Each structure stands twice: as structure tokens, then as C-alpha cells.
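**Q** Quick one: sequence and predicted model below, then my questions.
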2 protein chains.
Amino acid sequence: MEQQTLAILHNANLKATAPRLAILKVFAGNHLPINAEHIYAKVRSSNINEATVYRTLASFEEKGIVKQVDLRKDSTYYELASGHHHHHIVCTDCGKVEDFESCSVDKISDKVLSQSSKFSVIKEHSLELFGTCNACVKK
Amino acid sequence: MEQQTLAILHNANLKATAPRLAILKVFAGNHLPINAEHIYAKVRSSNINEATVYRTLASFEEKGIVKQVDLRKDSTYYELASGHHHHHIVCTDCGKVEDFESCSVDKISDKVLSQSSKFSVIKEHSLELFGTCNACVKK
DNA sequence: ATTACAGTTGCAAGTAACTTGCAACTGTAA
DNA sequence: TTACAGTTGCAAGTTACTTGCAACTGTAAT
């Protein structure tokens, strides 16, 4: 686990520093998407600076270690890029987030590329559902 | 057209003020998603304030006149909610945006709802593709 | 083990995108 | 025509994030 973490950083050409290890650990212990503020709350006791959290998230994203998730909240959320492909359903009332797995976007991508004259490469996609969770429906 | 615009505002219980009419006109003349800055640039000559643009976008969204589009840019983009259902493909290099129409998210939504114990209502979804446009691939 | 240095960090100041308090104004229904 | 809830402009404020810079540190080469 620790070895794996070091390998992730090494492969990405990133030094294995304390802040990066701590932030990776937070991701490992959190399967739902998480934002900078939340991460900072968990690592500030180790004297890790808020700016470092933002810089780390940016470099992790650039290297493909984490990916952005568009939850239509005020801040940017991230989750580990490793792990099986999935998407999210978000309650627009209370913000609850749940994962879901069925995703047929590859088919859509192929179709879109065959019809587009301007694009030929698709690297990522977002697919999030916005609705109301059972608890909020009852209100 | 003008009548239609007035009806939109009336149905939404929003007064037909000059700023709102001007902003709706900008949307009507722009089929791609647009942000507050871009809208402000087009209406500031009519002495419409930037804060009014933001407030108008917020109320239009709340009333369902426009909807947010998650393009992973620094600011929030919107487009008219009327018009046929479509999504976007975004170049992560230069920011170019193109529409596409094929969308089978309804099927996915049904499946997700049947499998979720926490959600039973889906109101919206996002589905955006991120890749590289032909012009940027050549670089 | 030691060294050299590019990469990384903490700190504090800065920026971009948006929000809000408030007094003046204005569509709209009566 | 009037009354007033809703709307606006302005300026100040907030939030999320970024950046300049000097000090520090992991890493590869010695």
C-alpha cells in the first residue's frame, strides 16, 4: 500500500513529499468525491499549507492521479482516477452524493466522433445526474 | 418573438425589465453556452450592471429559463433551457465547444433509480465530453 | 555518505468570480 | 393613478483559488 503510493508518485515524476503522501492517504480513505477544503481540514494538523493542497490537487490532476468531478457545487471536487469507472447522482437539495456504475458513454463517444468534423480525440467525460434524494423528497 | 420573450418572463413570475429582456436577447443570439462575463460585455453599453447580470442568471436558472453547463472552465456557463436536448464536447486545449445530440441518459437514469435506495427523483443530468479538437491535435 | 540542485513548500499578498446591503427606482395589479 | 413588492446600480464584501519569493528537501549523481 505504501509501496504502491510511492510508485504512483514516482511514475508521475513527482517527489514523494509528506504533503503528497498525506493527501493521497486522504483520497484512499474517502471513496466519494472530495474538495480542497475538506482535504485541508484533514491534513492541516500535519502543518500542511492550504496553498500546497491546491497545488497538489492541480499536479495530481495534470498527471492523471485524480480527476475532477462536476457536482455543481461552489468548489471543485476530485476523486482518485484509479478504481473502476463510475459516475454520481447528486441531491440538489442537501448535496448527498451516491455512485452509480452503468455507463454507456463509450458508445456515445464513438458516435459523436464519427459525426464531428472538428473533434477526433475524446479523453474524458462527465456524466452526473441531479435530482432529489428520498430524505429531501419527504420534506 | 418579443411576445414570446414577455411570456417567458410572465410565466416565471419575473418582471419584464430592460436588463432581463436584454439578457434573453443575448441568449437568443448565441446558441453555444455563455458565461456572465460574456453577457455583461454585450449589455454593459445599455447601462446594465454586472451584479444584475449575475442576479438575472441566478433567477433564470431557478425558474428553469436557462440551465448550467459544466464545461470545466473558470466560470459558470449557461444556455437556454428551451430548444432540443443536447450536450457538448469541449477541447481541453483551446476551449472550443461543439454540440452533439445523441443522448441515451434516460435509460441510464431509469436503471440507476431502480438500483438506488437513496434516490427516486432525477431532474437533470450533465454529459460533457472532454478531448482535443483537430486544430489542437496538429500542434 | 555527500553533494547539487530542480522541484517543492509555507507564508502572505493577490486575483477572479461571484454575492450582498442598501437606498433609489419601476413594472404591474388594483 | 397609485401602491408596493420586486428589481436595480453601486460599492463593499466574500469565497475559492493563485502566485511571488525565499527557505527547504527528495533524489540522482558522485
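**A** Yep, it's here.
**Q** Does anything pack onto the lengthiest helix in chain A? Which helices or strands?
**A** Scanning chain A for the longest helix, with DSSP state H as the assignment, gives helix A:50-62. On a contact count with 3 or more CB pairs under 8 Å, 6 or more residues apart in numbering or on different chains; DSSP states H and E, helix A:50-62 meets helix A:18-28, helix A:36-43, strand A:66-69, strand A:77-80. For the C-beta atoms, the positions are set from N, CA and C on the backbone; glycine is no exception.
**Q** Reformat those as a markdown table; add distance to A:His86, mean neighbour count and mean pLDDT.
**A** Listed next are the helices and strands packed on helix A:50-62 as a markdown table, based on distance: least, CB to CB, whole Å; neighbours: other CB atoms under 10 Å in any protein chain shown; pLDDT from 0 to 100:
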| stretch | distance to A:His86 | mean neighbour count | mean pLDDT |
| --- | --- | --- | --- |
| helix A:18-28 | 15 | 18 | 98 |
| helix A:36-43 | 19 | 17 | 98 |
| strand A:66-69 | 10 | 20 | 97 |
| strand A:77-80 | 9 | 20 | 98 |
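**Q** The longest strand belonging to chain A pairs with which strands, parallel or anti?
**A** The longest strand of chain A (DSSP state E) is strand A:119-133. Here strand A:119-133 is paired, per DSSP bridges, with strand A:87-91 (parallel), strand B:119-133 (antiparallel).
**Q** ok, and which of the ones you listed has the densest surroundings?
**A** Between the strands paired with strand A:119-133, strand A:87-91 has the highest mean count of neighbours, a mean of 23, where neighbours are mean count of other CB atoms under 10 Å in any protein chain shown.
**Q** List the contacts of that strand.
**A** A:33, A:69, A:71-72, A:96-101, A:103, A:126-133, A:136, B:112, B:116, B:119, B:122 (CB atoms under 8 Å, 6 or more residues apart in numbering or on different chains).
**Q** unless I'm mixing things up, A:Phe27 is touching A:Val66, no?
**A** Yes: under the contact definition of CB atoms under 8 Å, A:Phe27 touches A:Val66, with a separation of 6.7 Å.
**Q** overlap in contacts of those two?
**A** With CB under 8 Å, 6+ apart, A:Phe27 and A:Val66 have common neighbours A:Tyr78, A:Glu79, A:Leu80.
**Q** B:Glu61: which of those is nearest?
**A** Closest to B:Glu61 out of the shared contacts of A:Phe27 and A:Val66 is A:Tyr78 (24.8 Å), distances taken as CB to CB.
**Q** Spatially nearest residue to that closest one, not counting backbone neighbours?
**A** Residue nearest to A:Tyr78 in three dimensions, not counting chain neighbours: A:Val66, with 4.4 Å by CB to CB, 6 or more residues apart in numbering or on different chains.
**Q** now swap in A:Phe60 and tell me
**A** A:Val66 (4.5 Å).
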